[in-house]
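Fold the following.
(2 chains)
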Amino acid sequence: MSDNLVELEHLTKHFDVKQGVFARGTAKVHAVEDVTLQVRRGETLGIVGESGCGKSTTARLMLRLLDVTSGTVRFDGRDISTLSQRSLRPLRREMQMVFQDPYASLNPRKSVGQIVGTPFAIHGVKDARSRVQELLERVGLSPEHYNRYPHEFSGGQRQRIGVARALALSPKLIVCDEPVSALDVSIQAQVLNLLRNLQKDFQLTYVFITHDLSVLRQIADRIAVMYLGRLVEIGDSEQIYVAPKHPYTAALLSAVPRTGTDPRQRIVLSGDVPSPIDPPQACVFHPRCPRFHRGHCDVEEPHLRELAPHQAAACHYPLERWPMSDSELRQAEGVERKDRPHLEGAARE
Amino acid sequence: MTSSSGERLLDVRGLTVRFPTSDGIVQAVSDVSFALSRGETLGIVGESGSGKSVSNLAIMGLLNRARTVIGGEVEFKGRDLLTLPPDELRKVRGKEIAMVFQDPFACLHPMYRVGKQIAEAFSAHSDAGKDAAWNRAVELLDHVGIPNAKSRARDYPHQFSGGMRQRAMIAMALVHNPDILICDEPTTALDVTVQAQILELIEGVKREFDIGVILVTHDLGVVAETANSVMVMYAGRVMEYGPAAEIFREPQHPYAWGLLDSMPSIERRLDALVPIEGSPPSLLAPPAGCPFHPRCPYRFEPCPTERPPLKVPAEGAHLDACHLPYEKKVELGEQRAKKVAA
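Numbers count the residues shown, from 1 in each chain, chains lettered A, B, ... in the order given. Sure thing, here's the model as predicted:
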């Protein structure tokens, strides 16, 4: 048995969209582009990035909820990238998902017992009622909640119901897509603690998708940073937080507001994430990058390379250390300020 | 600018908002008092349903008076906004007090050009002609950092990114040089790198226009980085209120401790997060006494029955509403600080 539960190789997903007058033209959204990564058994892999970076699409490809454009998805040693939905079905009980919005992901017309019991019904498991009640207890609800409906629960409790449903068939992999983003901070901590405890008790493997780096630090063992469909950095969680190598990772880290009183470096990126329909040439981050080197970054695409033990980034001019000041950041070897006229205007504020 | 920094702009005293519904009366805001000065950023923090947004809607006169019972006083430039007739209030709203909302996607009309919408906000309180209004719109778009403002003003909202739309909303709020800018969760819908840009913009605008800013948010990090003073709300009431530096260095209320401790930290990994047990109370029947007592680990005999008043518990401390003796709070606070440092 290999150490890896999931292996993605050169995974790519393009969506066709209609464009132009009367939608006659078509364009391609490059949602996920050449992503290679592994999810190890029993670990929590965090995938982080801003909206539109392809983190959710990657997860959906991993579960084959979407068809892949090219590349391979291997689950538990088996190539599932081209399996039909029918032949995928037996595998479905081993991979589950917890969704972001606990209001939208539970059917309001079904009782909690029905919601959590559905996986049992589909896979023909006997004695569903008592098992559902066990699950409810396991996630911090009461067995008496069996006959209640979702509207009778608070957001945090609903998310627990979603977790119970995902646990029902004892899966190997649970993909959590922003599971605590819709919750208040005092409730977030309850759900995060629950997920951590369940992982220990059931030897679960999590893929945890979020835009919140503070949440991720509490739960992830390894972290993959995505930008515009590309994997820009991947490594052990502590490494990523203490010594990020990719300038985008550093900018993300520095942009998170914090309550601590320690002074810190803040890198404010200019501009917005470009359109994934027409992503920039070569390194997709170059138009916003403080280390941009004309004639290199916009010509040659950087590939993921190991820069420290258990840490790889796709950058021609990775950070030598962290934290560093804005001006140090801009003085990567061979990069001069005149190379970046496009940043001058943005620095005006 | 002739206005002087530090001048008192807004005085809210005993603000109370009740919504009668078929299920009973929702006690959305109860006895909330605060003040705002020129050059100040007041952060109002709280979880969903704590009354932070409703307070501001009441100040802006945006609640339906026929269906809401509003009590207290909102003094702005010597007048009580709550008793002002609607047409008088309209002259204040959007002109002297402006507001930026959470969702910049919902706030702009999809079928009008961005510049046109800002110009319209200008014309609403001015006799200036069409061209003057348009020029003002372009000027402000440029001011809030929209590149090529002149041509981008002719864009429709869907051609703007989320961050640009929020910039446009801020431009619209600024057309009449308001005295107060109320921002209700201005960055919640935005990505973190864009959030940093918008927070910088709001800070810059505050200094440049010398205005007072009320920043409503659930994100303690955002408040810690931008606010001068902080008001913590829970179940429609003020729990703690004081200078931001003090609130984050020496929080006094158990609810504030709970909030700070349950926040996942980006600085390090914690063995276990410390959540606040239970969930916020229903505002149809908030608990008697201190609204936080059912979830408070330090509750004692008076908490379930007596409502703690908002007061300064000792010299050098800031306002809080808690029965715990101040010495006890200091002691618990120190224990907490040690735990955090460990």
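
Not counting residues beside it along the chain, what's closest to B:Asp155?
Using C-beta to C-beta, 6 or more residues apart in numbering or on different chains and skipping residues adjacent in sequence, the residue nearest B:Asp155 is B:Val114, 5.6 Å away. In this view, the C-beta of every residue, glycine as well, is placed from N, C-alpha and C.

Report pLDDT for residue 207.
Since you didn't name a chain, this refers to chain A. On pLDDT, A:Val207 comes in at 97.

meant chain B actually
93.

So it lies in a strand, does it not?
No: using DSSP: H, G, I helix; E, B strand; the rest coil, the assignment for B:Arg207 is helix, not a strand.

In the stretch 201-349 of chain A, what residue spans correspond to helices?
A:213-219, A:237-242, A:247-255, A:326-330, A:341-344 (DSSP state H, counting those that start in this stretch).

Then chain B?
B:52-59, B:86-92, B:104-107, B:114-123, B:130-143, B:149-152, B:162-174, B:192-209, B:220-226, B:244-249, B:254-262, B:326-341 (DSSP state H).

Give me whichever of the helices of the stretch 201-349 of chain A is most buried.
helix A:247-255 (a mean of 25; mean count of other C-beta atoms under 10 Å in any protein chain shown).

name the helices or strands packed onto that helix?
strand A:222-227, strand A:230-236, helix B:192-209 (3 or more C-beta pairs under 8 Å, 6 or more residues apart in numbering or on different chains; DSSP states H and E).

quick one: it to strand A:222-227, angle?
Here the directions of helix A:247-255 and strand A:222-227 differ by 100 degrees (axes from the mean of the first three to the mean of the last three C-alpha atoms, to 10 degrees).

Could you check the angle helix A:247-255 makes with helix B:192-209?
Going by the same axes, to 10 degrees, helix A:247-255 makes 50 degrees with helix B:192-209.

Provide the contact partners of helix A:247-255 at residue level.
A:48, A:50, A:213, A:225, A:227, A:232-233, A:240-241, A:244, A:264-269, A:285, A:288-291, A:313, A:315, A:317-319, A:322-323, A:329, B:192-193, B:195-196, B:266 (C-beta atoms under 8 Å, 6 or more residues apart in numbering or on different chains).

quick one: low-confidence parts of the chain?
Chain wasn't specified; assuming chain A. A:1, A:261-264, A:332-349 (pLDDT under 70).

think we crossed wires, I meant chain B
B:1-5, B:342.

The residue nearest the centre of it and B:Asn228, how far apart?
Nearest residue to the geometric centre of chain B (C-alpha atoms, centre = their mean): B:Val216, 2.3 Å. According to C-beta to C-beta, to the nearest Å, B:Val216 stands 15 Å off from B:Asn228.

quick one, phi psi at A:Val175?
Main-chain dihedrals, A:Val175, degrees, to the nearest 10: phi -100, psi 120.

Report whether A:Arg86 is found in a helix, as I expect.
Yes: A:Arg86: assigned to a helix according to three-state DSSP.

so what's it up against?
Here A:Arg86 is in contact with no residue (C-beta under 8 Å, 6+ apart).

Can you list the buried residues in stretch A:67-75?
A:Val68, A:Thr69, A:Gly71, A:Val73, A:Arg74, A:Phe75 (16 or more other C-beta atoms under 10 Å in any protein chain shown).

same check, this time on stretch A:135-151
Those would be A:Leu135, A:Leu136, A:Arg138, A:Val139, A:Gly140, A:Leu141, A:His145, A:Tyr146, A:Arg148, A:Tyr149, A:Pro150, for stretch A:135-151 by 16+ other C-beta under 10 Å.

and the two most separated of those?
A:Arg138 and A:Tyr149 (20.7 Å; C-beta to C-beta).

Give me the contacts around stretch A:304-312.
A:36, A:222, A:231, A:233-236, A:239-240, A:243, A:245, A:313-314, A:318.

To clarify, my last question referred to stretch B:70-79.
B:9-18, B:31-33, B:58-59, B:63, B:80-82, B:92, B:96-97, B:179-180.

The same query, at a cut-off of 6 Å, please.
B:10-17, B:58-59, B:80-82 (C-beta atoms under 6 Å, 6 or more residues apart in numbering or on different chains).

and which of those is nearest to chain A?
Chain A has its nearest neighbour among the contacts of stretch B:70-79 in B:Val17, at 20.6 Å by C-beta to the nearest C-beta.

Could you check how many residues crowd around that closest one?
For B:Val17, the neighbour count with other C-beta atoms under 10 Å in any protein chain shown is 22.
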